[in-house]
Structures are given as C-alpha cells and as structure tokens.
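Here is a sequence together with a model predicted from it:
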Amino acid sequence: MKGNRFDPYLPVIGVIGLIIVWYLAVWYEVVDKVLLPSPGETFRALWKGMAGGALGFDFWRTVERTTAATAIAAAIAIPLGVFLGASEKLYRSVEFVIDFFRSTPASAMFPLFLVLFGVGDETKISVAAFGAALVILFNVAYGVMNARKTRLLAARVMGASRLRVLTDVMLLESLPQTFVGLRNGVSLALVIVVVAEMFIGSTDGLGHRVFEAQQLFAMPDMYAAIFAAGALGYGLNLLFLLVERRFVHWSGK
Amino acid sequence: MAGDRPGPPPAHVTVRGLCKRFNDALVYDGFDLDIPRGKLVSIFGPNGCGKSTLINMIAGLVPSDAGEILFDGKPLRDIKFGYVFQNYREALFPWLRSIENIEYPLRLMKLARPERRARTERLVAHLGVKIDLARYPYELSGGQQQLVSIMRALVVEPEILFLDEPFSALDYEMTLFMRDQLQRIFIETGTTTVLVSHDLEEAVYLADRILLLSRRPASIADYVHYDAGRPRSDLTLSQSDFVRVKAHCLNVFQREVRKG
C-alpha cells in the first residue's frame, strides 16, 4: 500500500474523535458534571498546573524518581544480563528465579522495601528499580544469547578472541533487545513510582497530585494530572525509541 | 630422485585420516584429500553428505574427531585464510559500514587505521569493485553484500579462500553476475580456493577440479579435472568439454545417490 502525504496526520483523527466524544458527553450530561469536566476546563487546569503550578513541580519529581530508578536498574541489569547471557547454562540456572520475580507484582514488594528503606524516596525508587531491572536483565540476557551464531562464527573465523567476540559482536547484537528491555523497564518504573507516590507517605509527585485532587474533588486538576502522567509515559517511550533509532540504526534490518 | 623429473607439484592442503561423527551419523571415516595450490576446487555431492562439514573442518569452524589437516605442512593457526558464509546477511556486521566490515580482520591483526584503509583501498581498486562502501551492509543488494564479505575474506591476503555455497541465497540473475565476479577475483589473485556448491553447473563452470563426494560416510567418488581456459563465459557452457565434464559429474552423482 502506497501512503500519501496525509498519512502522517492520521493519528490526529483519533485525538480529535476523543475530544468530540468527550464534548458531547459533557454537553448531553451523560456523566455527572462534577465527575467529568469539559475538555476546555481540563486543559486549562493542565496548562496552569504545568506552567509554574503545583502540577509542574510534581511532574518533575516523578521524572526524577523514574529516571533514577531506570538508571539504577540499567546500571545493574545490563552488565549482569551480558554476564548471564554469555553463558546459556548460567542463565538457565537462574532463569526460574528471574522469571518468578519478574512475574511478581512489584507493588507486592512495597511493604518489604518500606521495612528496608523507610518511607522516603529510597523505597519508591528502589522498588521501581527492582521491577525495571528484572525486565531489562531478562531482555539483555536474551539479546546476548540470541546473537546470530553465524556472526559469532564469522568473528571467530577471522581470529577474534573470546573477549573480542563478546565486545565486538555479542554486545552490539544484543543492543536492539536491550532497548526493548529499557523501554519496557522505564514504563514499568513509571507505573511503580506513580503508585508509590499515591500511597507511601508522599508529599509530591504525579501520583500524589492525582490522589490529592481526587480527595479534594478537584476534578479538572485530577484529569490534568492523569494526562500529564500519560504524556510522561508516552514521552519516555518515544525518547528511548529515538535514541534507539539513532544508535541502533540496524535494528530490524 | 626428487628433481629428476617434474612430478606433480606438492599439494597446498593435505587432509589425512579425517574422521567425524555427528551423534550416530558417521560423516567422515578416514578421509584423505589433496587440494592443489592456486586452483579452484569445487565440492559437490548428495544432500547431507557433509560438503559444508568438510570445509568447516578444514577451516577450523567444526572440530574433527581425528585426522590431520596441514597447509604446506603447517597447522591452520599458522596461516591466513578467508571464509565466506552462505548467509551474508548474518555474516556481516550491520553496525559497521561496508568498508569497516572489510577492514575488521585487519583491526584484529592490530594494523593502524591508515594502513588498514590503504590495504582496503588497494584491494577495492585491484578488484575494480564499484560499490559505495560508505553504506551499511543492509543498504546494499544481496550480491553487493556477498561481494563485501568476499572482500572481507580477501583483505588479509589469505593463502586459501573458503566459500560455503556463497551464491545460493541470491536470485539467478545475481548468481550469474557473482560467478563471474568470483572468477575475476580468482584470476586476479590466484588464491587457492575451495567452493562448496549445490549447483553442478556452477561447480564445473568455476572449477579447475571438481570434488565429487559419495553418501555418508563421505569418500571421494571422483576428483574431476576441468582445464578450460579463463576467463570462461556463457559460451563455455555450450562447449563440448564443459558439457562432457558436467555429464560425467552428473553420472557419478546419480550413481552415488542411487547407492543410498
């Protein structure tokens, strides 16, 4: 199918459609007015909140925590994933443990981490890092293990040592999968951070903002905070995609 | 006695008593082979007889169970050789530009960058290759990618070049073109070349010697000479000695297949 010049604007249709449905729902009072403010009100709240308001401050707090959690997770999980993936036997021996904790809802770990780190930022960041690290670890290890055998053989046959094969071929081969892990990891970290901000003695962050707005029945503010969280999640994912496209140009080719 | 009369020149590669077993399949059992210097030998035989296994053992990609393989009396680790895979897409490094791919083995040899570039450019000029080597492999056509892998194998100035069905992932038009590229490279460099082929026409067209293998455990069914001058061309394919050699090889092949 040949695309035409309007194709890049197709995603706009969904956005406009959503806003129209929203307007109509408000217009005909399908939902209680207090529960569903108009799009205009909501975007005014979003704008005011982000431009120097409390929402902007909370937004950056969440960005800080998510970034810290992802950075810690990547710093631990990438080297460990390469190490485990380089030997399939080694990975198989710890695979069950990794899969088990990867399947455990990270939110179930909050009480444990609260005991370990108290109610401060450390707990929020470390639970998020824990969840993200397992996702990244799993992807990096698989990326390394699934390095094309022919490519490893090609390097070996040209006389590359085991270390050179690892640094010149395996690491680069695993990069596309590593980025899959980073994208999933940062999304998970954001989810965990926002949940933690809602409930674990928080005074700031997007989770806190959503929760507080709901408690105060400030619905436009609550929707604004939800949209800010959505934009953050989308933006982080997009950021990693752009970085990947720049540095892993061969991905999928 | 030596030197009194011109005997056959000593072989470049000698394979003696080669044995290989995959689980319960005995693939080679006391296999002997001489590969002459500066010749192009193609290996042809029934499916699964171990054509690729043979060159992979000679090139050290697959360990043999027993036997000795020597290059001018030296073991593999003492010589420079090149190896070209069938699957060029997976054999090249997509994160390196084509020219960096070609230079990679020189990097392993710890040559400095200017020296690497100089040697690569000399090879490119020598072979008259017209590809934009600043591109990444995935930006090139299949034939061009395989040409890049052949150059990567040649840049170390190997004593021997191995090619494992190098053209079977290409379409027919590109295969014909690449055959002639390989022939030109062979004429230019005179490197001893071992080619595994699953296409009898290609095997004969390119070769000085055609090694016909039997079914497992593989032995030499015949080791046919084909002495037509080079460069060979489309006309060669209809000349009587080509037709005769090809018919003979086909005969031997079918006899071996029926034995199974």
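Nice, I can see it. Numbers count the residues shown, from 1 in each chain, chains lettered A, B, ... in the order given.

C-alpha from now on. contacts and neighbour counts both.
OK.

Just the element for the nearest residue to residue A:210 once chain neighbours are set aside, please.
Leaving aside its chain neighbours, residue A:210 sits nearest to residue A:222 (5.0 Å; criterion: C-alpha to C-alpha, 6 or more residues apart in numbering or on different chains). Element membership of residue A:222 [criterion: DSSP states H and E] is helix A:219-247.

what is the mean pLDDT for that helix?
Across helix A:219-247, the average pLDDT comes to 94.

Return the set of buried residues in it.
The neighbour-count check on helix A:219-247 (16 or more other C-alpha atoms under 10 Å in any protein chain shown) flags A:219-226, A:228-229, A:232-233, A:236-237, A:240-241, A:244 as buried.

picking that back up, quick one: the residue nearest to residue A:210 and chain B, what's the gap?
Residue A:222 sits 46 Å away from chain B, taking C-alpha to the nearest C-alpha, to the nearest Å as the criterion.

right, and that residue touches residue A:206 too?
No. Taking C-alpha atoms under 8 Å as the definition, residue A:222 is not a contact partner of residue A:206, at 9.7 Å.

since we're on the residue nearest to residue B:79 when sequence neighbours are not counted, how many residues are nearby?
Of all residues beyond its chain neighbours, the one nearest residue B:79 is residue B:159 (7.0 Å), with distances taken as C-alpha to C-alpha, 6+ apart. Taking other C-alpha atoms under 10 Å in any protein chain shown as the neighbour definition, residue B:159 ends up with a count of 18.

OK, contacts around residue B:159?
Neighbour list for residue B:159: B:79, B:80, B:81, B:191, B:192 [criterion: C-alpha atoms under 8 Å, 6 or more residues apart in numbering or on different chains].

How about the secondary structure of residue B:37?
At residue B:37 the chain is in coil, as set by DSSP: H, G, I helix; E, B strand; the rest coil.

How about the contacts made by it?
For residue B:37, the residues meeting the contact criterion (C-alpha under 8 Å, 6+ apart) are B:10, B:11, B:12, B:13, B:191, B:192.

Mind doing that once more with 10 Å?
Residues touching residue B:37, when contacts are defined by C-alpha atoms under 10 Å, 6 or more residues apart in numbering or on different chains, comprise B:9-13, B:71-72, B:159-160, B:190-193.

starting at the chain centroid, how far to stretch A:89-99?
Here the centre of stretch A:89-99 is set off from its chain's centre by 24 Å, with C-alpha atoms, centre = their mean, to the nearest Å.

Please identify the buried residues of it?
Within stretch A:89-99, the residues scored as buried using 16+ other C-alpha under 10 Å are A:91, A:98.

Give me the phi and psi for residue B:68.
Note on residue B:68: its backbone torsions stand at phi -130, psi 130 [degrees, to the nearest 10].

Excluding chain neighbours, give the residue nearest to it in space.
Going by C-alpha to C-alpha, 6+ apart, residue B:68 has residue B:16 as its nearest residue, at 5.2 Å.

The one you found against residue B:28, yeah?
No. With contacts defined as C-alpha atoms under 10 Å, residue B:16 does not count as touching residue B:28, sitting 11.2 Å away.

Need the residues touching each of those two.
By the contact definition C-alpha under 10 Å, 6+ apart, residue B:16 and residue B:28 are jointly contacted by residue B:66.

Who has more neighbours out of the two?
Neighbour totals were compared for residue B:16 and residue B:28, and residue B:28 leads with 25 against 16 (other C-alpha under 10 Å).

Pull the contacting residues for the more buried one.
B:17-22, B:49-50, B:53-54, B:64-66, B:215-219.

rewinding a little: can you say which of the contacts of residue B:159 are buried?
Among those, those that count as buried by neighbour count (16+ other C-alpha under 10 Å) are B:80, B:81, B:191, B:192.

I'd like to know which of those residues is nearest to residue B:38.
Top of the list for closeness to residue B:38, among the buried ones among the contacts of residue B:159 and by C-alpha to C-alpha, is residue B:192 at 4.2 Å.

Quick check: the closest residue to the closest one other than its chain neighbours vs chain A, distance?
With sequence-adjacent residues excluded and distances taken as C-alpha to C-alpha, 6+ apart, residue B:192 is closest to residue B:38, at 4.2 Å. Distance of residue B:38 to chain A, computed by C-alpha to the nearest C-alpha: 21 Å.

Need phi/psi at residue B:38.
With angles defined as degrees, to the nearest 10, residue B:38 shows backbone torsions of phi 70, psi 20.

Run a quick neighbour tally on whichever residue of the stretch 151-260 of chain B sits closest to chain A.
Closest to chain A within the stretch 151-260 of chain B is residue B:153: 8.2 Å, counting by C-alpha to the nearest C-alpha. As a burial measure, residue B:153 scores 28 neighbours (other C-alpha under 10 Å).

and chain B, which residues reach chain A?
For chain B, the residues in contact with chain A (C-alpha under 10 Å from any C-alpha of the partner chain) are B:56, B:59-61, B:77, B:80-96, B:104-109, B:136-139, B:149, B:152-153, B:156.

Check the gap between the spatially closest residue to residue B:206 that is not a sequence neighbour and residue B:39 for me.
Take residue B:206 and drop its neighbours on the chain: the residue closest to it by C-alpha to C-alpha, 6+ apart is residue B:183, 6.6 Å away. Between residue B:183 and residue B:39 the distance, using C-alpha to C-alpha, to the nearest Å, works out to 11 Å.

between these two, what contacts are shared?
B:190, B:207.

which SS state does residue B:83 fall under?
In three-state terms, and counting by three-state DSSP, residue B:83 is strand.

quick one: contacts for the closest residue to it other than its chain neighbours?
Taking C-alpha to C-alpha, 6+ apart, and ignoring the residues beside it in sequence, residue B:83 has residue B:162 as its nearest neighbour in space, at 4.7 Å. When the contact criterion is C-alpha under 10 Å, 6+ apart, the partners of residue B:162 are B:40-41, B:55-56, B:58-59, B:81-85, B:150, B:153, B:192-196.
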